[in-house]
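Asks: next comes the sequence, and after it the predicted model I'd like to discuss.
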Amino acid sequence: MLYGRVAFLCFLAQLGPVALLSRSTAAEAAAVPLRLSVGSGRLAVEVARTHEELSRGLMFRRSLDEDAGMLFLLPHEGVASFWMANTTIPLSVAFLDRTGAILEIHDLEPLDTRIVSSESARVRFALEVNRDWFARHAVRAGETVRLEGASWQQLADRKGNP
């Protein structure tokens, strides 16, 4: 299991320079945000589906609107690992299962290259938002993130080719 995570992280690291070459995919994702709600909050999020989008995430951004974020459609269910290389915005990440239930929430430090991994091996999606957004909206592990206009299964079925 550990070997698989390390191999996947090494693969994502190799994709990093490639991700910088194409900004059009990020622009397309930003043009049609997905709407989510959880707790007392609503979000408009970009969706990261492809290897390129998953590896870039919110890197190189200077800011993130208060009720904005990024939803990562991970290639398969398992342990998820994130880091903050080239990311200057303080963020929190919620790891979600295949039904959108929040399994755990972690705060991430800007520019920190240490890997933050989920405790759960049931992670299918990850949701990054501004740090403390979850606390401000009384969101805790166990709550379910609601999608507008789609189910979690439909969203997973529309993923790119990670």
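Replies: Good, I have the coordinates. Bear in mind that the values here come from a model prediction, so they are computed numbers and not experimental data. Numbering: from 1, shown residues only.

Asks: what's around D132, how many residues?
Replies: D132 has 12 neighbouring residues, counting by other Cβ atoms under 10 Å. Yep, even glycine has a C-beta here, placed from its N, CA and C like the rest.

Asks: could you do M70 as well?
Replies: 27.

Asks: am I right that S55 sits in a helix?
Replies: Yes: using DSSP: H, G, I helix; E, B strand; the rest coil, the assignment for S55 is a helix.

Asks: state the distance from it to E148.
Replies: 27 Å (Cβ to Cβ, to the nearest Å).

Asks: ok, the two, which is more surrounded?
Replies: S55 (20 against 10).

Asks: got a list of what A68 touches?
Replies: The contact partners of A68, taken as Cβ atoms under 8 Å, 6 or more residues apart in numbering, are P33, L43, A44, V45, E46, V129, N130.

Asks: ok, so of those residues, who is nearest T88?
Replies: Ranked by distance to T88 (Cβ to Cβ), the contacts of A68 are led by N130 at 12.3 Å.

Asks: how about the helices in this structure?
Replies: With helices called from DSSP state H, the chain shows them at 2-19, 24-31, 51-56, 133-136, 152-157.

Asks: of all the contacts of A68, which two lie farthest apart?
Replies: Among the contacts of A68, the pair separated by the greatest distance (Cβ to Cβ) is P33 and N130, at 15.1 Å.
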